[in-house]
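In: with the sequence up front, the predicted model follows.
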Amino acid sequence: MSRRLDATRHDLTHAIANARRIVVFTGAGISTESGIPDFRSPGGVWSKMKPIYFQDFVGNEARRREAWERAFGGRAGWVGREPNAGHMGVARLIARGKASAVITQNVDNLHQASGVPAHQVIELHGNASYATCLDCTLRHDLNDLKSLWQATGDLPACRDCGGIVKTATISFGQAMPLEPMARAQAETMACDLFLVLGSSLVVYPAAGFPVMAKRNGAVLAIVNREETELDGYADLVLHDEIGPVMTAVAPAN
């Protein structure tokens with residue numbers, strides 16, 4: 001495919017039609033259209049509050065309490081929103097068998113809420129809609145933890161082993177999860193179209209997957225409102241709104 005830095009929705013529709021196996025890679029830009037703030041831009045999450053590093057969460061009770069106050073108060077705004085047209089377009093590609101998986105940097109659970117089966121969503125940075133025990137990995141419902149917190153003021157602890165409980169997101173300083181990274185690599189190497197939606201492609205190792213796909217012979221398409229580090233490397237680039245693009249290239253009928 002000839003490189004198109006000024007690609008149109010028609011070009012992307014054509015690429016999708018010709019693809020046998022698509023992998024969709026999503027970043028914060030797909031969820032801002034649902035009202036979820038991104039992380040790094042002016043007015044984003046980290047401009048309003050500093051991240052709590054994993055080592056501080058584990059080793060400092062005051063920082064752990066601060067993290068739970070943020071989670072229960074919804075200060076980051078990562079959960080509680082509805083999928084938008086971009087998520088629904090991705091879900092249609094999955095349902096029609098055009099796309100095999102969604103690799104996401106997001107923690108908002110909106111791909112699952114849009115109808116993508118959970119086993120086809122590969123979450124590189126975890127999920128903010130539930131919590132897990134850092135010792136035994138038991139899953140905990142946030143509403144249950146919040147009720148106990150409000151009743152007692154005690155920090156959440158595992159109901160089985162008493163270990164430290166944390167939202168199921170990957171914090172700064174926390175190791176990337178091996179199993180999702182391995183699955184993401186396998187899906188990347190098997191696709192013939194790698195479709196990036198709403199990622200600035202500056203956070204590694206996640207941003208290495210588009211390069212991996214391209215080097216393996218896949219068509220690389222990027223849809224993002226602003227320029228990305230890989231625009232000059234991609235086959236198709238659209239600087240456009242994701243919801244309208246996905247509605248056009250993966251219509252409901």
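Out: Now that the structure is in, tell me what you want to look at.
In: in the chain, which helix or strand is least confident?
Out: Least confident helix or strand of the chain, by mean pLDDT, DSSP states H and E, is helix 45-48 with a mean of 54.
In: immediately after that one, which helix or strand?
Out: helix 54-59 (DSSP states H and E).
In: contacting residues for P83?
Out: Neighbouring residues of P83 by Cβ atoms under 8 Å, 6 or more residues apart in numbering: S34, A91, L110, H111, A113, S114. In this view, the C-beta of every residue, glycine as well, is placed from N, C-alpha and C.
In: before we move on, what about R225?
Out: R225 touches G29, G198, H239, D240, E241, counting by Cβ under 8 Å, 6+ apart.
In: contacts for the one helix or strand A184 maps to, please.
Out: A184 belongs to helix 178-190 when assigned by DSSP H and E. Residues outside helix 178-190 that contact it (Cβ under 8 Å, 6+ apart): 21, 23, 100-101, 103, 122-124, 194, 205, 209, 212-213, 216, 218.
In: any idea which residue of this protein is furthest from its center?
Out: Distance from the centre of the chain peaks at T152, with 33.3 Å (Cα atoms, centre = their mean).
In: which helix or strand contains R65?
Out: For R65, the enclosing helix or strand under DSSP H and E is helix 61-73.
In: report the buried residues of that helix.
Out: R64, A67, W68, R70, A71 (16 or more other Cβ atoms under 10 Å).
In: got CSV for the residues you listed, with pLDDT and distance to V249 too?
Out: Below are these laid out as CSV (pLDDT from 0 to 100; distance: Cβ to Cβ, whole Å):
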residue, pLDDT, distance to V249
R64, 95, 44
A67, 93, 39
W68, 94, 41
R70, 89, 37
A71, 89, 36
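In: K98 versus the closest residue to A207 other than its chain neighbours, what's the distance?
Out: Distances taken as Cβ to Cβ, 6 or more residues apart in numbering place L201 nearest to A207, at 4.4 Å, with adjacent residues excluded. Distance, L201 to K98, using Cβ to Cβ, to the nearest Å: 23 Å.
In: the more surrounded of the two?
Out: L201 (24 against 18; other Cβ atoms under 10 Å).
In: so that one touches E227, yeah?
Out: No - in this structure L201 lies outside contact range of E227 using Cβ atoms under 8 Å: 10.0 Å.
In: just the ones of the contacts of R225 in strands?
Out: Per DSSP state E, strands hold no members of these.
In: buried subset of the residues you listed?
Out: The buried subset of those (16+ other Cβ under 10 Å) comprises G29, G198, D240, E241.
In: show the pLDDT at the third one.
Out: pLDDT recorded at D240 is 94.
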